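**Q** Model the structure of this input:
(chains A, B and C)
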Amino acid sequence: MMSQRMRNALVDTMLVGTVVLLLVFFYAPIATLVAFSFTSSRVLTLPIEGFSLQWYGELFDKPDFWPAVRNSAAVATVSTIFATVLGTAGAVAWIRYRFRLQGTFRALTFAPLLFPQLLLGVVMLLWFSVLGSWLGFSTGLATVIVGHVVYITPFALVVVAVQVYGFDETLEDAARDAGASGWEVFREVTFPLLWPGIFSAAIFSFLLSWGNFYVSYSLAGTARTLPIFVYSGIAVGSSPIYPALATVNLVPALLLVIIAEVLRRRALKRQASGISES
Amino acid sequence: MRIEHKSWNDPVLVATVAPLALAMVAFFLIPLLMTAVLTFQTTQYYRLVWTWDLKIWTEVFSKPHYWTIMMRTVTMALVCVVLTVLIAFPAAYALATRLKTFKTQIQILIIFAFLTDAVLKTFGWILILDKNGVANWLLMHVGFPPEMLNLLFTPAGTMIGMVYNLVAYPMFTIYLSLVRIDRDLILAAYDAGASRIRTFFEVTLPLSRPGLYSGAVLVFVLSLGAFLEPKVLGGGTSPLASELIRQSFETRVNWPLGAALTVVLIAIGALMLAACAAFALRRTSSTGRPA
Amino acid sequence: MTSPIIDASGIVKDYGAARALHGVSLQIGTGEFVALVGPSGCGKTTLLKILAGFEEPTDGRLEIQGVDMRGVPAASRPTRMVFQKLALFPHKTVAENIGFSLKLQKVEKGQADSRIRAMLDLMHLKPDYLERYPAQLSGGEQQRVALARALVSQPGVLLLDEPMSALDAKLKKSLQAELKKLHRELGTSFVLVTHDLEEAMMLADRICVMRSGHVVQVGTPTDIYYRPANMFVAGFIGETNFLPVTATASSVGMDVVSPLVAAGKTSIAPEHVSPSLSANGTALLVRPETIRFVKGDAAPGEWLLDGQVEEYFIKGASTQYRIRIRGLDAAVIMDLPGSIVLPAVVGEAVRIGFDPAQAFLLSE
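**A** Residues are numbered from 1 along each chain as shown, chains lettered A, B, ... in the order given. A predicted model of the protein is given here:
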């Protein structure tokens, strides 16, 4: 019979082990891609024989690579703005307001989260096709943006809602008491205090849109975003330019995550330091 | 939390609610209804004809092929639910109760992986699972026979991809319900003489049920729409419902058929959702505590 | 009272079907320190919020500095509030918190800075705190910043919503002393909401005791303690004793008798009778410190009761006894000066006595 302490230690180790294994699981394909992006060989098998950057060059020389990057960037930027603004307004309405038909509003704004992306894309494709045949337009980047906004806004809403939920409204009273008008209360107190949530929602939205395949694939028509570019490439056959692309693709996401983390730390420092001295 | 009661005469309410509500009606609700409407139409020579009949539905219900694939999709989804929850729960539990020092870093790592382009990650799995891939190479180098695993282009490959892409969802929901548990409840259980394991089963697990259920339902519903994994990692050998839907749109240009299959898939998901909600509700009323 | 700065009359506040305030009237003089006291849910915070402008009264009239406050938003009132949980802006530094109202009034930078520094001095906060954030200060320092933020705009009335309820006892005492000094120096009217009558007695010029939406009594601390309107007010501060009596009016005041006391009828002077005396549950209010153990003979006019020691508590400067008396529901509480030798032990049969002429006659 094991002693209680031994057993607890074993449980602890196993729990920590699960997280480590999960991280390995999460990063196995990502690490594999990064590793293969520097291979000098055309064949994507181990062992990697030599180091080279040639696949990056080949990737950048591909004629349809840069248009895909531009499209992805445009789609992600516009979608992020819409999703963040709509999500923030929605979060306030979800948490702070009570109004008639609120249940309907909540169901309507939450439902896309429970939808497989492919079906979301298909359903919207059907609608845009019918609409397009009536009004004479075809699917393209604009419809991709609409699709992304519908898909991403619920995520943004949830992220901001957490911030709204923790909001202390007496701070707004305090501002009003100090003589602030409605707009000044919003500018000086409400917005700065909700900003961390809004900012996270924006980053989240951007990355979700940037990496989105399903919705884009359904709604892009002949236009290509990066994930579509990759999908049509690997459907034909693997090439080391895709690991190179994956590695390049990590950079903006990494930058955003680092920025977010730096801002978070700064906010944390503002709250923590100095207590010990006083 | 202060609540503000607002009437629809209030311009502030209209400004906050209307844009989002209208967008969702125009680009989510109406498309859904449109999909349902389209199932009653037909196509001739690759063109939509507004016929208003049940031709498509008779076709859908008379072809066992569709139902085989639907059943396979549901089975895969259920397996995926079990696997993701089994992986996600201990990890979420460890993250919520242990690992205090590296908690934020680990959270960031998980979110970062979650947000990375799914197509690229799936492609990464090809490189790992391939017969000459990373997994077999590593196994060979620790002494296993060469080409031991043969997972790529099998349902197992599909499943790995699905679990990989969806496991983060139950992790989030379970983690959130775990951190909401009042620490004093755990201490009270210890105080009453319960062992750590006993406490886990008597207190922690029951109280984390909301996260468990919502995570499971989310995985089930989302895996119904899995397309990339069966296509790229399953090699299209045992297609799932999504492939069927794509084909009816792309290859056969039969919108009504695609719409009908979409409706069937949505109905399955909705049924599951309703069943789970009813189950959770019954639990609440029978035990008198929120499930 | 000098000219009232706040004149509230017949204030009614309904929340849906529930009535929180039943026609409350209260005048607060310029420079006066008034405390609103009562148990939770008595309406004191609602009244304060109506004064501040965060709530509109359902009915009644409120004037501040002679101006009708109907429809005047909080921002435009000559009142400033110190919130229960302080509500310091976590994203603004101490200087920005204090100077917030000056910034809104577009006070010129140099002048604003000197006023902020003056506030900091007044509150005994170190100048290098200006660039800190509220979370980096201790509870007492946050309290001072909150006071400074409210006082910097030189309001006519400072409203305080139980700002010290979260502090530990020692810090509370020192801040109470500081608040009283501040009030004396500034000459601003203070309105303090508290559920702690002892705090109210220490600080306020006048106390307004409230209960379920009504004002029960308004008076000086001496009035409230020694001449409470009824048992509710009397029982609100500390522990006290009520001895049920039957009272009849006489030529020199009230004649009272108690079935528990053999001594018979005693006359109570008019100044020892509550003005709002009713026939309903008349009792003598006997403060614990006026009761003594009687070992020998009774003093002239003294009322005696026989009982048994139920429990005693050594409080240091004093020793509290709880005496069980046959015929009384509650134990009689008495406070004796502390002594090395215990006058009685648990279970001991004792005789206690007090002078009924020094007690106060009131009713429920």
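**Q** So which residues of the stretch 151-278 of chain A form helices?
**A** With helices called from DSSP state H, counting those that start in this stretch, the stretch 151-278 of chain A shows them at A:170-177, A:182-185, A:191-210, A:214-219, A:226-236, A:241-272.
**Q** Please read the previous query as pertaining to chain C.
**A** C:44-52, C:94-98, C:100-104, C:109-122, C:139-151, C:169-186, C:197-203, C:221-226, C:231-236 (DSSP state H).
**Q** just the stretch 151-291 of chain B next, same as before
**A** Here the stretch 151-291 of chain B has its helices, by DSSP H, counting those that start in this stretch, at B:155-166, B:168-179, B:183-191, B:196-199, B:205-207, B:209-224, B:228, B:241-250, B:255-287.
**Q** just the stretch 1-150 of chain B next, same as before
**A** Going by DSSP H, counting those that start in this stretch, the stretch 1-150 of chain B shows helices at B:11-24, B:30-38, B:55-62, B:64-97, B:103-115, B:118-129, B:134-141.
**Q** Among the helices of the stretch 151-278 of chain A, show me which one is buried the most.
**A** Burial of the helices of the stretch 151-278 of chain A is given as mean neighbour count (mean count of other Cβ atoms under 10 Å in any protein chain shown); helix A:214-219 ranks first at a mean of 26. To be clear about C-beta, it is placed using only N, CA and C from the backbone, and glycine gets the same treatment.
**Q** That one: how far from the chain's middle?
**A** 16 Å (Cα atoms, centre = their mean, to the nearest Å).
**Q** Now do it: which elements does it pack against?
**A** Applying 3 or more Cβ pairs under 8 Å, 6 or more residues apart in numbering or on different chains; DSSP states H and E, one finds that helix A:214-219 contacts helix A:117-135, helix A:141-165, helix A:226-236.
**Q** Output the ones you listed as a markdown table; include the columns distance to chain C.
**A** Formatted as a markdown table, the helices and strands packed on helix A:214-219 follow (distance: least, Cβ to the nearest Cβ, whole Å):
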| stretch | distance to chain C |
| --- | --- |
| helix A:117-135 | 37 |
| helix A:141-165 | 13 |
| helix A:226-236 | 37 |
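**Q** winner for burial among those helices?
**A** Buried most deeply of these, by mean count of other Cβ under 10 Å, is helix A:141-165, with a mean of 24.
**Q** Once you drop chain neighbours, what's closest to A:L113?
**A** A:P154 (4.2 Å; Cβ to Cβ, 6 or more residues apart in numbering or on different chains).
**Q** how much space is there between that neighbour and A:Q117?
**A** 12 Å (Cβ to Cβ, to the nearest Å).
**Q** now do B:A189
**A** From B:A189 over to A:Q117 (counting by Cβ to Cβ), the distance is 41 Å.
**Q** Can you give me every residue that contacts C:G156?
**A** C:5, C:30, C:64-65, C:78-79, C:188-189 (Cβ atoms under 8 Å, 6 or more residues apart in numbering or on different chains).
**Q** Residue ranges in the chain under the pLDDT threshold?
**A** Using chain A. A:1-2, A:44-45, A:270-278 (pLDDT under 70).
**Q** Can you look at chain B instead?
**A** Short version for chain B, where the test is pLDDT under 70: B:1-2, B:46, B:283-291.
**Q** Give me the spatial nearest neighbour of the closest residue to chain A within it, chain neighbours excluded.
**A** Using Cβ to the nearest Cβ, the closest approach of chain B to chain A is made by B:G225 at 2.1 Å. Once flanking residues are discounted, B:G225 sits nearest to A:P116: 2.1 Å by Cβ to Cβ, 6+ apart.
**Q** hang on, the one you found packs against B:V219?
**A** No: shown here, A:P116 and B:V219 do not form a contact pair, counting by Cβ atoms under 8 Å, at 10.9 Å.
**Q** The helices of chain C: which one's closest to B:V82?
**A** Between B:V82 and these, the tightest spacing by Cβ to Cβ is seen for helix C:139-151, at 50.3 Å.
**Q** And the residue of chain A that's closest to chain B?
**A** Counting by Cβ to the nearest Cβ, chain A gets nearest chain B through A:P116, at 2.1 Å.
**Q** How about the contacts made by that residue?
**A** A:214, B:221-226, B:242, B:265, B:269.
**Q** that older thread, could you report the neighbour count for the residue of chain B closest to chain A?
**A** Neighbour count for B:G225, taken as other Cβ atoms under 10 Å in any protein chain shown: 26.
**Q** related to what we said a few turns ago, which of the helices of the stretch 151-291 of chain B is buried the deepest?
**A** Highest mean neighbour count among these (mean count of other Cβ under 10 Å): helix B:228, with a mean of 26.
**Q** can you redo the helices of the stretch 151-278 of chain A as TSV with distance to B:G133?
**A** Output for these, formatted as TSV (distance: least, Cβ to Cβ, whole Å):
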stretch	distance to B:G133
helix A:170-177	56
helix A:182-185	59
helix A:191-210	27
helix A:214-219	25
helix A:226-236	14
helix A:241-272	13
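**Q** got the contact list for the residue of the stretch 1-150 of chain A found nearest chain C?
**A** Ranked by Cβ to the nearest Cβ, the top residue of the stretch 1-150 of chain A for proximity to chain C is A:R98, at 13.5 Å. The contact partners of A:R98, by Cβ under 8 Å, 6+ apart, come to B:3-6.
**Q** who's it bridged to?
**A** B:H5 (DSSP bridges).
**Q** hmm, back to that, can you redo the contacts of A:P116 as CSV with distance to B:A77?
**A** Converted to CSV, the contacts of A:P116 look like this (distance: Cβ to Cβ, whole Å):
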residue, distance to B:A77
A:Y214, 16
B:V221, 8
B:L222, 9
B:S223, 4
B:L224, 5
B:G225, 9
B:A226, 8
B:S242, 11
B:L265, 10
B:G269, 9
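**Q** Closest to chain C out of these?
**A** Nearest to chain C among the contacts of A:P116, with distances taken as Cβ to the nearest Cβ, is B:L222, at 37.1 Å.
**Q** Please tell me how far the residue lying closest to that closest one once chain neighbours are set aside sits from B:S242.
**A** Excluding the flanking residues, the one nearest B:L222 by Cβ to Cβ, 6+ apart is A:P116, at 5.3 Å. Using Cβ to Cβ, we find A:P116 at a distance of 8 Å from B:S242.
**Q** Could you do C:K265 as well?
**A** For C:K265, the distance to B:S242 equals 98 Å [Cβ to Cβ].
**Q** so how far is B:V203 from the residue of the stretch 151-291 of chain B found nearest chain C?
**A** Residue of the stretch 151-291 of chain B nearest chain C, by Cβ to the nearest Cβ: B:D184 (20.1 Å). B:D184 sits at a distance of 11 Å from B:V203 (criterion: Cβ to Cβ).
**Q** and what of C:Y225?
**A** C:Y225 is 50 Å from B:V203, by Cβ to Cβ.
**Q** Same question for B:L38.
**A** Separation of B:L38 from B:V203 (Cβ to Cβ): 50 Å.
**Q** Same question for C:N230.
**A** Per Cβ to Cβ, C:N230 is found 49 Å from B:V203.
**Q** same thing with B:M70?
**A** Separation of B:M70 from B:V203 (Cβ to Cβ): 40 Å.
**Q** same thing with C:L159?
**A** Separation of C:L159 from B:V203 (Cβ to Cβ): 44 Å.
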